[in-house]
Structures are given as structure tokens and as C-alpha cells.
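Colleague: kindly return the folded structure for what I paste below:
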Amino acid sequence: MHSAPERESAPPTAADAVVPHPSGGGRRHGSSHHRGRPRRRGRRCLVGALVAAGLLGSATFLLDGGRSDASDDASSGGPRPRNTAGVTPTPTSPPSPPPSPSPSPTPSPTPTKIEVPSTGTGTFVAAHATGAKVGHGQRLLRYVVEVEGGIDLSPARAANEIAGILAAPRGWTHDEAHAFQLVSAAQPHDLTVRIATPGTADALCWAGIHQDTGGEYNCETPGGVVVNLKRWVRGSPTFDGPIHDYRALIVNHEMGHFLGYTHMTCAGPGRPAPVMMQQIKGLHGCVANAWPYDGNGHFVSGPHVP
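Modeller: Predicted coordinates:
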């Protein structure tokens with residue numbers, strides 16, 4: 001969603017211990033990727049290990065473009081959805097038998113007073129939670145939610161909050177082309193949403209799309225979305241609103257990348273910021289906004305980032 005300054009040396013990594021696996025927005029739309037990526041040295045060992053774990057994705061993805069909060073993609077306009085049907089990433093940890101689907105997952109905001117260590121275990125725990133399909137679109141995206149081990153965040157609670165965001169009337173389901181469903185890691189799925197410590201998020205974003213997220217940002221990688229725990233817990237100084245709304249901005253922005261949307265900017269002073277705008281970098285006269293659509297059902301758009 002946002003740009004981080006490029007560095008001459010490889011980004012800090014806690015990824016020597018990272019053993020994650022791929023996860024959304026076929027894509028990106030975020031996320032999110034690769035144009036104008038910084039070249040890094042000294043990452044061969046890390047990338048090699050992550051390739052074995054399936055994090056680098058296909059060369060096709062890298063050519064098509066994954067995105068991150070640290071990127072400033074140019075856009076030719078409009079979404080460029082990818083074909084992600086049938087993609088089934090291998091779960092990081094052995095899942096329990098899937099429980100019966102809950103009829104309607106509702107938001108259950110996680111606490112904001114959670115310690116945010118600079119790095120974590122590098123392994124992930126999948127939420128043993130499932131939900132009903134939301135939206136009426138023909139393109140169903142089944143997603144799994146994972147949380148990095150060793151942090152004080154319930155995977156099931158985070159999964160329910162994300163499910164509630166994706167089911168909201170002003171979310172991506174308003175577009176009749178798409179539908180979403182929270183599933184267990186044991187079931188076939190199209191993408192994985194991971195919440196990770198800043199160091200692990202940096203390692204995953206670098207391995208997936210060669211973007212330096214600087215310990216601050218989220219990204220969309222081959223097969224999924226990476227959410228920086230710092231942003232999930234602390235929000236952003238540019239966003240004036242409840243933490244749950246900022247989490248909605250994170251999910252909607254990165255999922256937007258997965259659906260094929262690229263970055264936009266403010267359409268004019270006093271107008272709502274597009275969800276595809278890198279709002280953490282500044283609002284440029286717009287009003288902070290967490291949703292793709294406004295209350296009247298109109299898509300909140302703006303000029304594409306040149």
C-alpha cells in the first residue's frame with residue numbers, strides 16, 4: 001500500500017527462521033507486485049530457503065506484478081484479475097479436522113494492547129475457522145488466515161475479524177464479480193492472509209516480490225496477503241478512526257491488489273480517499289476511508305499513480 005525508501009543494502013531480515021508458505025489477490029490488483037524494484041545482494045540463502053517453501057511463486061506472477069505498501073506502481077487503469085482458481089498452498093502446520101461452517105462470521109476486533117516484537121518464530125498457525133460464502137460473484141476466493149507463532153494474537157479471532165470485513169456491504173462483495181469464503185487450511189483455498197511480525201513480514205515481502213517494506217508496511221505476494229503486525233495493532237498516524245476501520249483498510253487495500261487494482265491517489269480536497277490509495281503516506285487533502293465503495297454504492301476512485 002505504501003512506499004518505503006529503497007536501500008543500497010538488503011532489507012533487515014528475521015527470516016533466517018522463517019519457514020512460511022505461499023498464500024492473495026492473484027495478482028494485484030496490493031498488497032502488494034516488478035517494476036522499479038531495488039536490487040539486493042546477500043539474499044541468496046534466504047531466497048533459496050523460501051523458494052523451497054514455495055514463497056517465490058511463479059515467474060509469471062513476478063512479470064504480472066505483485067504489490068506492497070512500499071511500492072508506487074504505474075497503472076494503465078482498471079483491475080487486472082488473475083486466474084487463481086484451484087491454487088492450494090500447503091499449510092504451514094498440520095491442521096485439525098475442519099469444524100462445521102459458521103453461518104455468518106462477524107467482526108471480533110482483536111485487542112490493541114498487544115506486544116509487537118521486531119521478529120518472531122517465522123512459522124505460522126492456521127486459524128481453525130470456517131465461514132459461509134459472502135457475495136454473489138462467480139469468482140469465489142477461498143482464503144485461509146494464519147498468524148505467526150509466538151505472538152499474543154488469536155488466529156481464530158483474527159480470522160473472524162477479517163471475515164467480517166470482507167462481508168461488509170461497502171466491501172469488495174459489493175462488486176458482483178467476486179465472492180469470498182473463509183476456510184480451514186485443510187480445505188482447498190486460493191489465497192492465505194498472514195499476520196506477521198515486522199521482521200518476518202519484511203522477509204516474506206522481499207522473497208515474494210522483492211519489495212523492501214522497511215518493517216512498516218503490508219504487501220500482497222504470490223498466493224496471498226502479508227499483514228504487518230505493527231499496522232494491525234497500532235494503525236497509522238494518518239488514519240483518524242477506530243482500529244477496526246484501519247484493519248479494514250489494510251484488508252481491502254491488499255485484497256484489492258489481489259483482485260487486480262493498482263494504486264490510486266486523491267481525487268480532490270475533502271473527498272474520501274480511495275481504498276487503493278497509499279493512505280499511510282499522506283491523504284493529500286482527502287478524508288481517510290477504509291472501504292472500496294461509499295454509502296451510495298459508488299466505487300471510490302481517483303487518478304491512477306503515474
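
Colleague: Ser118 against Ala196, yeah?
Modeller: No - under the criterion of CB atoms under 8 Å, Ser118 is not in contact with Ala196, lying 11.5 Å apart. Just so you know, the C-beta spots here come from the backbone N, C-alpha and C atoms, and that holds for glycine as well.

Colleague: neighbour count winner among those two?
Modeller: Each of Ser118 and Ala196 has its neighbours counted (other CB atoms under 10 Å); Ala196 has more, 30 against 13.

Colleague: show the model's pLDDT score for the more buried one.
Modeller: Ala196 is assigned a predicted lDDT (pLDDT) of 97.

Colleague: for it, what are its contacts?
Modeller: Contact partners of Ala196, counting by CB atoms under 8 Å, 6 or more residues apart in numbering, are 20, 120, 124, 148, 204, 226-229.

Colleague: lowest-confidence one in those residues?
Modeller: When the contacts of Ala196 are compared, Pro20 shows the smallest pLDDT, 39.

Colleague: in this structure, where is pLDDT below threshold?
Modeller: Confidence mapping of the chain against pLDDT under 70 gives the ranges 1-112.

Colleague: just the helices in it please.
Modeller: 44-52, 59-64, 155-167, 198-209, 229-234, 243-259 (DSSP state H).

Colleague: export the third one to CSV, keeping only CA atoms.
Modeller: Yep, that's helix 155-167 we're talking about. C-alpha atoms of helix 155-167 as CSV (Å, rounded to 0.1, in the frame of the first residue of the first chain):
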residue,chain,number,x,y,z
PRO,A,155,-5.7,-16.9,14.8
ALA,A,156,-9.5,-17.6,15.1
ARG,A,157,-10.3,-14.2,16.4
ALA,A,158,-8.3,-12.5,13.6
ALA,A,159,-9.9,-14.8,11.0
ASN,A,160,-13.4,-13.8,12.2
GLU,A,161,-12.5,-10.1,12.1
ILE,A,162,-11.2,-10.4,8.5
ALA,A,163,-14.3,-12.4,7.5
GLY,A,164,-16.5,-9.6,8.8
ILE,A,165,-14.5,-7.0,6.8
LEU,A,166,-14.9,-9.0,3.6
ALA,A,167,-18.6,-9.5,4.2
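
Colleague: and that helix with helix 243-259, angle?
Modeller: 70 degrees (axes from the mean of the first three to the mean of the last three CA atoms, to 10 degrees).

Colleague: buried set for helix 155-167?
Modeller: 155-167 (16 or more other CB atoms under 10 Å).

Colleague: list just the nearest of these to Tyr246.
Modeller: Proximity of the buried residues of helix 155-167 to Tyr246 (CB to CB) peaks at Ile165, which lies at 10.8 Å.

Colleague: so how far is Leu283 from that closest one?
Modeller: 21 Å (CB to CB, to the nearest Å).

Colleague: my guess is Glu146 contacts Arg194. True?
Modeller: Yes - using CB under 8 Å, Glu146 makes contact with Arg194 at a distance of 4.8 Å.

Colleague: spit out the contact partners of the residue nearest to Gln279 when sequence neighbours are not counted.
Modeller: Ranked by CB to CB, 6 or more residues apart in numbering and with sequence neighbours excluded, the top spatial neighbour of Gln279 is Ala273, at 5.3 Å. Contacts here follow CB under 8 Å, 6+ apart; on that basis Ala273 touches 266, 279, 283, 286-289, 300, 302.

Colleague: of the residues you listed, which count as buried by neighbour count?
Modeller: For the contacts of Ala273, buried by 16+ other CB under 10 Å: 266, 279, 283, 286, 288-289, 300, 302.
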